[in-house]
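Student: below: sequence and its predicted model.
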Amino acid sequence: MEEKLKLYLRSLIANDGSDLHIKSGSHVRARVHGELKIMGKDILSASDVEKIVKIITTEDHYAKLCNKGSVDFSYIPSKDSRFRVNAFNQMDGLSIVFRVIPTNIPSMEELQLPEIIGNFADIPRGLVLVTGVTGSGKSTTLASILNKINRHYNKHIITLEDPIEFVHTDIKCLVNQRSLGSDFHDFKDALPAALREDPDVILVGEMRDTATIELALHAANTGHLVFSTLHTLDAKETINRVVGSFPKEEQGRIRLSLASVLSGIVSQRLIPNKNGGRAVAAEVMIQTSRIRELIAENRDFEILDAIEEGKDIYNSQSFDQHLLDMVDKRVITEAIALEHASKPSDLKLKLEGVGRGGAKKATDDTDEERVLEAFEFKEEELS
């Protein structure tokens, strides 16, 4: 079964896929450019999937799966491939999801991220949050930021992850990566320990609870540069999520603390581009005196306006501003931009030249319909 699994994983990579889904009693599926596609004709039985799980897990991971119903871990079938894995119980047996983790950390330029995101690698202290839904590329963006720090500064980086995804080698920085379950047992214990380990930069894989959030705020407030993630859609929702995690009597204090240490929020989505792949659309909030004031005074509803008004001065941007830029640069079509816009009617007016200081910019086939071509695997024939 392991050789069959490796064949599926090779095919996934060969076709630029992001995730492999194995479910008891169903076809194996691959997510390629955001779409799920059936791989081959095999239907794996519950016993087949259980055999795969037992092959790729340690005794501890399998015990956790049995006790809690799901488990996260890494699978490294060769030196050239690495996967983040989640195995879980469902009504028909076990299911497994493999997420491709590139062995080479992509640069900001390769990811085509807005240049301002790279500036977060240059700040000495503060809290930077990268947010978005599952599969929106948060880990990849953070890895590229850490990679920039590693290449340009002599610092000590500590990561607390579940599990370790991108592997960073020491370049100019000393990098210590720790994985939940094997290197530490709880984020709320590992983060205070990290503060005693002389770090300059701390990556917390996810701010999962109030204890972790408060410790991350404390770490940023004591002169460290802290990165973390949240499953939120934009800056306003992120701030509300952080503050709302605490009891009402604590929220005023947390707002003031967040306002003082928050350096920026990157909220991103992956959307179809004109070449059949996907591109990152990002809202980027940069800390300014106005942003600090809005957070501290519970005026979150004004944050989007502050982001958009700061584009020319601070290089902040809303999703819709970035979508407009991507249409102008012919990365995406107008139809895709409107489909993914936060305010489609406002964006449509700007695409027509209203409220953007000039006439509508010319783009090639901006009204073309997106065509999904038949999916064919490049790797060995799957039967």
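Tutor: On my side now, so go ahead.
Student: who's in contact with residue 207?
Tutor: Counting by C-beta atoms under 8 Å, 6 or more residues apart in numbering, residue 207 makes contact with 129, 213, 216, 228, 229, 230, 242. C-beta coordinates here come from the backbone N, C-alpha and C atoms, glycine included.
Student: next, it: secondary structure please.
Tutor: coil (DSSP: H, G, I helix; E, B strand; the rest coil).
Student: same question, residue 301
Tutor: helix.
Student: ok, the one 3 residues further on next?
Tutor: Here residue 304 takes the helix state, with states given by three-state DSSP.
Student: is it true that it touches residue 236?
Tutor: Yes - the pair residue 304 / residue 236 is scored as a contact, 6.4 Å apart, by C-beta atoms under 8 Å.
Student: re the thing from before, what about the contacts of residue 207, which are in strands?
Tutor: Taking DSSP state E as the definition of strands, the contacts of residue 207 contribute 129, 228, 229, 230.
Student: would you list those residues in TSV and tack on pLDDT?
Tutor: Formatted as TSV, the ones in strands among the contacts of residue 207 follow (pLDDT from 0 to 100):
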residue	pLDDT
129	98
228	97
229	96
230	95
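Student: ok, the residues you listed vs residue 94, which is closest?
Tutor: Nearest to residue 94 among the ones in strands among the contacts of residue 207 is residue 229, at 26.9 Å by C-beta to C-beta.
Student: mind listing the residues bridging to the closest one?
Tutor: Using DSSP bridges, the bridge partners assigned to residue 229 are residue 130.
Student: ok, it - contacts?
Tutor: So residue 229 contacts 129, 130, 131, 138, 139, 142, 205, 206, 207 (C-beta under 8 Å, 6+ apart).
Student: likewise for residue 22?
Tutor: 5, 8, 28, 44, 49, 52, 95, 96, 97, 98.
Student: among those residues, which are located in strands?
Tutor: Per DSSP E, the contacts of residue 22 map to strands at 28, 44, 95, 96, 97, 98.
Student: and for the second one, the neighbour number?
Tutor: Other residues within reach of residue 44 by the criterion other C-beta atoms under 10 Å amount to 24.
Student: any idea how far the residue nearest to the spatial centre of the chain lies from residue 15?
Tutor: With distances taken as C-alpha atoms, centre = their mean, the residue of the chain nearest its centroid is residue 138 (1.4 Å). Look at residue 138 and residue 15: by C-beta to C-beta, to the nearest Å, they are 23 Å apart.
Student: related to what we said a few turns ago, okay, the ones in strands among the contacts of residue 22 in JSON lines with distance to residue 89 and pLDDT next?
Tutor: Compiled in JSON lines, these are given as follows (distance: C-beta to C-beta, whole Å; pLDDT from 0 to 100):
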{"residue": "28", "distance to residue 89": "18", "pLDDT": "96"}
{"residue": "44", "distance to residue 89": "15", "pLDDT": "94"}
{"residue": "95", "distance to residue 89": "8", "pLDDT": "97"}
{"residue": "96", "distance to residue 89": "11", "pLDDT": "97"}
{"residue": "97", "distance to residue 89": "13", "pLDDT": "97"}
{"residue": "98", "distance to residue 89": "17", "pLDDT": "96"}
